[in-house]
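Trainee: Structure of the sequence below:
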Amino acid sequence: MSWRHVIDAYELLDDPAVTGDAVAKYLVDCGASTPAVHTVRGDKGSTDFVRLTIPGRRGRSAGGDAPTLGVIGRLGGLGARPEQIGFVSDGDGALTAVAVAAKLSAMHARGDVLDGDVVVATHICPDAPTRPHDPVPFMDSPVDLAAMNEHEVDPGADAVLSVDTTKGNRIVNVNGFAISPTVKQGWILRVSEDLLAVQQRVTGSLPTVLPLAMADITPYGNGAYHVNSILQPTTSTAAPVVGVAITTETPVAGSATGATQLSSVESAVRFCIEVAKDFGRGALRFHDQAEFDHLVHRYGPMTALQTQGNA
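Mentor: Sure, this is the predicted structure:
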């Protein structure tokens with residue numbers, strides 16, 4: 001279970017003065033090697049990107065050949081101060097990522113070492129702006145999506161889990177988390193059976209899937225409607241990406257406080273950890289490579305959807 005790490009991470013992040021250095025110190029106290037922290041400034045403020053590699057027994061960091069999993073905590077900000085006081089719903093992605101990093105670090109320190117490397121990344125911003133969105137307001141970010149992808153998407157990752165609050169919609173109506181179909185180089189592929197199996201064993205319930213439109217996997221800034229930024233990492237990697245969407249029964253604004261359901265976050269944390277275990281040892285696939293190659297051969301590449309397209 002990951003309850004202690006979820007609660008500790010929540011208390012750490014629910015602070016108007018929290019910084020990336022404070023998160024790094026917490027992770028070191030959990031047994032991590034020193035995480036990387038980079039402060040990036042944008043037109044709307046600044047944020048601290050935090051990245052930690054938890055080395056695997058046969059991971060590339062040790063000269064091995066086990067695959068690397070990237071886990072991204074995607075969000076606009078942890079808070080919308082001064083408009084809102086406290087931790088906002090949008091912060092659940094960062095909360096999940098920090099708790100995953102803390103739990104994996106503690107496991108590693110005790111000798112429960114996974115086979116493959118796991119690279120966890122997110123950003124820490126307690127005072128992000130907001131912006132209008134239908135049906136509920138979105139959290140904005142002090143930096144653009146290109147900067148987020150640059151600092152959060154590990155170029156060496158063989159697959160990526162992108163965790164994001166996905167409550168501001170009417171298309172998933174359950175408390176908990178949903179997973180998306182696998183997205184790779186502009187293709188929305190079928191939902192991974194292996195990931196569905198992990199979701200079932202973690203939740204003890206039937207799996208929930210986040211539906212995607214083609215526009216959802218295109219870059220922000222193209223004028224298209226996006227369910228949220230959960231699949232934005234796919235615009236900057238050739239690796240397969242799956243969204244882990246923390247969901248609610250009714251639409252909840254990303255800028256709403258008092259809206260974090262720790263039980264949903266904790267189950268998402270366990271899901272990410274179980275995927276990391278199975279993926280690193282080769283017991284789980286995000287997609288069928290032969291099936292992907294067949295689609296590309298018959299219909300051509302869809303990489304144009306990873307770009308801004310025609311003006």
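Trainee: C-alpha only now, for contacts and for neighbours.
Mentor: Noted.
Trainee: Counting neighbours, what do you get for residue 299?
Mentor: 8 (other CA atoms under 10 Å).
Trainee: And for residue 297?
Mentor: 10.
Trainee: in which helix or strand would I find it?
Mentor: Using DSSP states H and E, residue 297 sits within helix 289-299.
Trainee: contacts for that helix?
Mentor: With CA atoms under 8 Å, 6 or more residues apart in numbering as the contact definition, helix 289-299 has outside contacts at 189, 302.
Trainee: same deal with stretch 250-262?
Mentor: So stretch 250-262 is in contact with 6-7, 79-80, 84-90, 92, 130, 135-139, 165, 167-170, 173-174, going by CA under 8 Å, 6+ apart.
Trainee: Quick check: mean pLDDT of it?
Mentor: Across stretch 250-262, pLDDT averages out at 94.
Trainee: Check the gap between residue 262 and residue 173 for me.
Mentor: 17 Å (CA to CA, to the nearest Å).
Trainee: What of residue 3?
Mentor: 24 Å.
Trainee: and the helix holding residue 297, how far out from the chain's middle?
Mentor: How far helix 289-299 lies from its chain's middle: 27 Å, per CA atoms, centre = their mean, to the nearest Å.
Trainee: And for stretch 263-276?
Mentor: 11 Å.
Trainee: With stretch 218-232 instead?
Mentor: 15 Å.
Trainee: Would you mind pulling the contact partners of it?
Mentor: So stretch 218-232 is contacted by 74-75, 145, 149, 162-164, 166, 169, 186, 215-217, 235, 241-245, 305-309 (CA under 8 Å, 6+ apart).
Trainee: Now it: buried residues?
Mentor: By 16 or more other CA atoms under 10 Å, the buried positions in stretch 218-232 come out as 218-220, 226-232.
Trainee: In CSV, list the C-alpha atoms belonging to that stretch.
Mentor: This file holds the C-alpha atoms of stretch 218-232, laid out as CSV (Å, rounded to 0.1, in the frame of the first residue of the first chain):
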residue,chain,number,x,y,z
THR,A,218,-2.7,16.9,-31.0
PRO,A,219,-0.5,19.7,-29.5
TYR,A,220,-2.1,22.5,-27.7
GLY,A,221,-2.3,25.8,-29.5
ASN,A,222,-3.9,24.5,-32.7
GLY,A,223,-7.4,25.8,-31.9
ALA,A,224,-8.8,22.4,-31.3
TYR,A,225,-10.8,21.3,-28.3
HIS,A,226,-8.8,19.0,-25.9
VAL,A,227,-10.3,17.0,-23.1
ASN,A,228,-7.2,18.2,-21.2
SER,A,229,-3.4,17.9,-21.4
ILE,A,230,-3.2,14.2,-20.4
LEU,A,231,-2.0,13.1,-23.8
GLN,A,232,0.3,16.1,-24.6
